[in-house]
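**Q** Next comes the sequence, and after it the predicted model I'd like to discuss.
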Amino acid sequence: MTASAVVSQLANGLASASALFLVAAGLTLIFGVTRVVNFAHGSLAMLGAYVAASVVASQSGGSASFWLGALAAVAVGALLGIVLERGLVARLYAAPEMLQLTATFGVVLIVRDVALALFGAEDRLGPRVPGLSGSVDFGAFVIPQYDLALAAVGPVVLVMLTLVTTRTRFGVVVRACAENRTLAAALGIDPVRVNVAVFALGGALATLAGALALPRAPATLSMDLPIVADAFVVTVMGGLGSIPGAFVAALAIAIVKALCIGAGRVEWAGVAIDFPKLTLVAEFVVMAAVLVARPQGLFGRVAAVPATTPLPEQRAWQLPLGRRDSWLALALCAIIAIGPALGDEYARVLGTEILIAALFAASLQLLLGTGGMTSFGHAAHFGIGAYAGALAAKAGWGFAAALGSGIVAGAASAALIGALAVRLSGVYLAMLTLAFAEIAWSIAWQWDSVTGGSNGLIGVWPPAPLASATAYYALTATIAVAALAALVALARSPWGFALRAARDAEMRAAAVGIDVTRTRWLAFVAAGAFAGLAGVLFAFSKGSLSPETLAIPKSVDAIVMVLLGGLNAWFGPLAGAAAYTWLQDLLARSFPYWRAALGVFIIALVIAFPAGIAGALRWRPRARNA
């Protein structure tokens, strides 16, 4: 590629970096002050694009219509930020990050269906911006005027945010609440007003980013999750709470992508590397490299935990179950496992899906619950195991060998990722696992000769004796129950107690002789092996496989199922998988906006029963004092 083409790609990348920085800056502000993992931030950017497109269409593309659309998007974003904070997030400040993630994921589902109802299913094409629709000729290369303008927006916003946070009273108040909310309140600062203002500003920045990106890319209903994933990458890579770090991270990613496109296809020592294809995951590769070298990000530091006292109902996610609750839960699990066998063929197919989802969720629970390690990329082991088993079957290996291949592949991928990830914690650990999952997805998407690329693999069926829905359900139930029992045994073994000790008091665990790093790494390997087994069962149940098996939504589904069932309840994965899968199936067949209904259910359960279904089973009304 010529030098002029590289410069053009670099300008394009800088324009994209500015839009991404706006989203990441809002996310950084929100997390820096409230420590809330707002998974719905990308949904606000999506709404900003749709609002701007609707205003432009209503004004028949007039000269000022685009800027009116951008202003409308900012107003909508600020208002929605306030509603989100007051209506939901204010109830979750003392909750674990995973509960915050689950609740805001429910918001993602609601917003997507609201956008579908308001704007329709078709993509909205962006308008040309009056006065910036041409290009600038630099002689050797030509750059669109709007790309230059958008590339300048990022530095301008960075300077403005820096001045606001360092030179104004509002900035001092925000930084005080970020450091210690209790002390700030003692000095007369109202943390509630600060939280509302930060969410409003963050929402306005997100919707502005969506509106400004509209002339370069259409508004789509599926743009929310990719946007929030990229924004988390920038936020974590730059260092949580650091706005300059987010800007530098966005620039670094833009430059790397431009260089990848400019490098083209390179052969070295007989190995061909197609660099343009790496742009799909360039940001995740760069973030993984940064976190491995510097676990706190480029400008990060150990963040202070907000000094708040959780309410009793907010601590409920930690409470153990009583014996009576356990027997009731066991009966519920028996109904879930045996019920489909008494129904029709469709019930057995649905039961198979529930059992596979339960095994997948249980493998993640070993990390989240027993190990206290947050993973956003658990679908990598599930998908790698599925592909390994499917390829083994297509190569003529037996069914048992295919199952074994999936287990080994899942364990191997987890061993590799875990070796790099166990040094991290919290959001940094979560994002590193997400990075590796996205890299695995990119390989599956583009390796046509092995994985089938975007078309995936087809014709992956179990042998004839197991081909019927009844036979395969019976096999899945047997394997899943045995695997779930093995996971419970692992969690209750001496090694499982060592893992809990490392979760609850790392320094004390190390002091009594527990090798914390090795114990956590083994948890990754075990969780990966069981996830790989679930992946193989999934591939044979569907008869086909696609790269979406490794995508972000698959990991989020597993997290939601674990938390719906109960983070520390041994029967939680089965109950959570049953509720989540059954509700998805029921609502999708009977209600056009089923995602919104599912999102409302998730939010209601998180707020009313933070311990999930396990919490619902153990709940008792309290006696009031006379």
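**A** Now that the structure is in, tell me what you want to look at. Numbering: from 1, shown residues only.

**Q** these two touch, right, Val107 and Leu84?
**A** Yes. Using C-beta atoms under 8 Å, Val107 is in contact with Leu84, at 6.7 Å. Any C-beta I mention is one placed from the backbone N, CA and C, and that applies to glycine too.

**Q** Give the residues shared as contacts by those two.
**A** Residues touching both Val107 and Leu84 (C-beta atoms under 8 Å, 6 or more residues apart in numbering) are Ala40.

**Q** What is the neighbour count of Cys260?
**A** Neighbours of Cys260 under the rule other C-beta atoms under 10 Å: 21.

**Q** Alpha carbons of the helix or strand it falls within, in CSV - could you do that?
**A** Here Cys260 sits within helix 243-263, counting by DSSP states H and E. Taking Å, rounded to 0.1, in the frame of the first residue of the first chain, the C-alpha atoms of helix 243-263 are listed here in CSV:
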residue,chain,number,x,y,z
ILE,A,243,-9.5,10.5,30.8
PRO,A,244,-6.1,11.2,29.3
GLY,A,245,-5.4,7.5,29.4
ALA,A,246,-8.6,6.8,27.5
PHE,A,247,-7.6,9.4,24.9
VAL,A,248,-4.1,7.9,24.5
ALA,A,249,-5.5,4.4,24.3
ALA,A,250,-8.0,5.4,21.6
LEU,A,251,-5.1,7.0,19.6
ALA,A,252,-2.9,3.9,20.0
ILE,A,253,-5.6,1.6,18.7
ALA,A,254,-6.4,3.9,15.7
ILE,A,255,-2.7,4.0,14.8
VAL,A,256,-2.3,0.2,15.1
LYS,A,257,-5.3,-0.4,12.9
ALA,A,258,-4.0,2.1,10.3
LEU,A,259,-0.6,0.4,10.3
CYS,A,260,-2.2,-3.1,9.9
ILE,A,261,-4.2,-1.9,6.9
GLY,A,262,-1.1,-0.3,5.4
ALA,A,263,1.1,-3.3,6.0
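
**Q** Could I get the contacting residues of Val408?
**A** Taking C-beta under 8 Å, 6+ apart, one finds Ala388, Ala529, Gly532 in contact with Val408.

**Q** Neighbour-wise, which one of those residues leads?
**A** Gly532 (33 neighbours).

**Q** For that one, give its distance to His381.
**A** Using C-beta to C-beta, to the nearest Å, one gets 6 Å for the distance from Gly532 to His381.

**Q** what does Leu457 give?
**A** 18 Å.

**Q** burial of Ala474, as a residue count?
**A** 15.

**Q** Let me know the distance separating it from Pro462.
**A** According to C-beta to C-beta, Ala474 stands 12 Å off from Pro462.

**Q** Buried residues, stretch 474-494. List them.
**A** Leu475, Thr476, Ala477, Ile479, Ala480, Val481, Ala483, Leu484, Leu487, Leu490, Ala491 (16 or more other C-beta atoms under 10 Å).

**Q** buried sites along stretch 372-388?
**A** Buried, per 16+ other C-beta under 10 Å, within stretch 372-388: 372-388.

**Q** In helices, which of these appear?
**A** The helices, defined by DSSP state H, take in Ala379, Ala380, His381, Phe382, Gly383, Ile384, Gly385, Ala386, Tyr387, Ala388 from the buried residues of stretch 372-388.

**Q** just the strands in the stretch 101-250 of the chain please.
**A** 135-137, 142-144 (DSSP state E, counting those that start in this stretch).

**Q** Tell me which of the ones you listed sits most buried.
**A** Ranked by mean neighbour count under mean count of other C-beta atoms under 10 Å, the strands of the stretch 101-250 of the chain are led by strand 142-144, which reaches a mean of 18.

**Q** Adjacent strands (with direction) for that one?
**A** With DSSP bridges as the test, strand 142-144 is paired with strand 135-137 (antiparallel).

**Q** how far out from the middle of the chain is the partner strand?
**A** Here strand 135-137 shows a centroid-to-chain-centroid distance of 39 Å under the convention C-alpha atoms, centre = their mean, to the nearest Å.

**Q** outside of it, which residues touch it?
**A** Strand 135-137 has contacts (C-beta under 8 Å, 6+ apart) with Val142, Ile143, Pro144, Gln145, Leu148.

**Q** Let's see that with 10 Å instead.
**A** With contact meaning C-beta atoms under 10 Å, 6 or more residues apart in numbering, strand 135-137 is reached by Ser8, Ala11, Phe141, Val142, Ile143, Pro144, Gln145, Tyr146, Asp147, Leu148.

**Q** ok, the closest residue to Ala185 other than its chain neighbours - contacts?
**A** Take Ala185 and drop its neighbours on the chain: the residue closest to it by C-beta to C-beta, 6 or more residues apart in numbering is Pro191, 5.6 Å away. Each residue near Pro191 by C-beta under 10 Å, 6+ apart is listed here: Val33, Thr34, Tyr93, Val173, Ala176, Cys177, Arg181, Thr182, Ala184, Ala185, Pro306, Thr308.

**Q** Would you mind checking those residues for buried ones?
**A** Buried subset of the contacts of Pro191 (neighbour count, 16+ other C-beta under 10 Å): Val33, Thr34, Tyr93, Val173, Ala176, Cys177, Arg181, Ala184, Ala185, Pro306.

**Q** Looking at those, point me to the pair that's furthest apart.
**A** Farthest pair in the buried ones among the contacts of Pro191 (C-beta to C-beta) is Tyr93 and Val173. Separation: 17.3 Å.

**Q** From Ala186, how far out is Asn195?
**A** 17 Å.

**Q** Pro244 now?
**A** According to C-beta to C-beta, Pro244 and Ala186 sit 30 Å apart.

**Q** again with Trp495
**A** To Ala186, Trp495 is 45 Å away according to C-beta to C-beta.

**Q** Between those two, which is the more surrounded one?
**A** Counting neighbours by other C-beta under 10 Å for Trp495 and for Ala186 shows that Trp495 has the greater number, 16 against 9.

**Q** Need the contact partners of whatever helix or strand the more buried one lives in.
**A** Per DSSP H and E: Trp495 is located in helix 494-504. Applying C-beta under 10 Å, 6+ apart, the contact partners of helix 494-504 are 366-373, 422, 487-493, 508-510, 512-520, 522-523, 526, 568.

**Q** List the buried residues in it.
**A** Buried residues in helix 494-504 (16+ other C-beta under 10 Å): Trp495, Gly496, Ala498, Leu499, Arg500, Ala501, Ala502, Arg503.

**Q** What average pLDDT does it get?
**A** The average pLDDT within helix 494-504 is 91.

**Q** ok, so of the contacts of Val408, who is nearest Ala231?
**A** Gly532 (30.0 Å).

**Q** thought that closest one was touching Ala392?
**A** No. With contact defined as C-beta atoms under 10 Å, Gly532 does not count as touching Ala392 (11.8 Å).

**Q** quick one: contacts for Ala213?
**A** Counting by C-beta under 10 Å, 6+ apart, Ala213 has contacts 15-16, 18-20, 22-23, 45, 48-49, 52, 126, 150, 219, 223, 227.

**Q** Val427 now?
**A** Here Val427 is in contact with 31, 35, 37, 97, 101, 232, 235-236, 240, 297, 303, 374, 376 (criterion: C-beta under 10 Å, 6+ apart).

**Q** Please list only the buried members of those.
**A** Neighbour counting with 16+ other C-beta under 10 Å marks Phe31, Arg35, Val37, Leu101, Phe232, Thr235, Val236, Leu240, Gly297, Ala303, Thr374, Phe376 as buried within the contacts of Val427.

**Q** OK, contacts around Ala78?
**A** Leu44, Ala197, Phe199, Ala200, Leu201, Gly202, Gly203, Ala204, Leu205, Thr207, Leu208 are the contacts of Ala78 under C-beta under 10 Å, 6+ apart.
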